[in-house]
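Asks: okay, predicted coordinates and the sequence, questions at the end:
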Amino acid sequence: MSLFRMSSFLRRVLLADALMSGAAGLLMLLGAGVLTQTLDLPATLLRSAGLILLSYAAFVVYVANRSQRAMVWAVILINALWAIDSVVLLLSGWVAPNALGYAFVLVQAVAVAVFAELEYVGLRRSEAAIA
């Protein structure tokens with residue numbers, strides 16, 4: 001893993017990603033019952049996603065405190081895959097959410113894609129600072 005000097009912008013974006021992911025994870029894990037009734041999404045899916053998001057948030061905090069380019073790329077790729085998979089989930093027919101459920105999944109997919117883009121910009125800024 002190559003070392004680089006992480007920009008303060010990238011570190012802040014990573015920490016914001018971790019904070020939002022952790023909050024969403026707690027919401028999905030602890031509020032799955034209410035969310036299931038409100039969104040028509042399976043409780044098991046919400047709880048599983050919540051656990052994954054809590055683990056992911058811890059990983060992103062770890063990455064934010066390291067200067068390892070490959071780990072930042074891992075965060076960016078995980079975010080991109082999450083956003084894509086969210087849309088695929090809706091198109092697949094595996095779930096049948098109501099309109100609010102669709103909006104919930106799409107809004108979080110867009111938010112995750114924005115984090116991926118901001119992290120990419122932060123990575124580029126970090127690399128530019130080295131050159």
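Replies: Structure's in. What do you need?

Asks: just give me the longest helix of the chain.
Replies: helix 99-130 (DSSP state H).

Asks: could you say what helices and strands the lowest-mean-pLDDT helix or strand in the chain packs with?
Replies: In the chain, no helix or strand scores lower on mean pLDDT, DSSP states H and E than helix 99-130, which sits at a mean of 93. On a contact count with 3 or more C-beta pairs under 8 Å, 6 or more residues apart in numbering; DSSP states H and E, helix 99-130 meets helix 8-30, helix 32-39, helix 69-92. Where C-beta positions appear, they are placed from N, C-alpha and C, glycine not excepted.

Asks: tell me which of the ones you listed lies nearest to Tyr56.
Replies: Counting by C-beta to C-beta, Tyr56 lies closest to helix 8-30 out of the helices and strands packed on helix 99-130; the figure is 5.4 Å.

Asks: hey, which of the helices and strands packed on helix 99-130 is tucked in deepest?
Replies: helix 8-30 (a mean of 18; mean count of other C-beta atoms under 10 Å).

Asks: circling back: list the buried ones in the least confident helix or strand of the chain?
Replies: Neighbour counts over helix 99-130 (16 or more other C-beta atoms under 10 Å) mark 101-102, 104-105, 108-109, 111-113, 115-116, 118-120, 122-123, 126 as buried.

Asks: pull the distance from stretch 19-27 to the chain's centre.
Replies: Centroid separation between stretch 19-27 and its chain, computed with C-alpha atoms, centre = their mean, to the nearest Å, is 9 Å.
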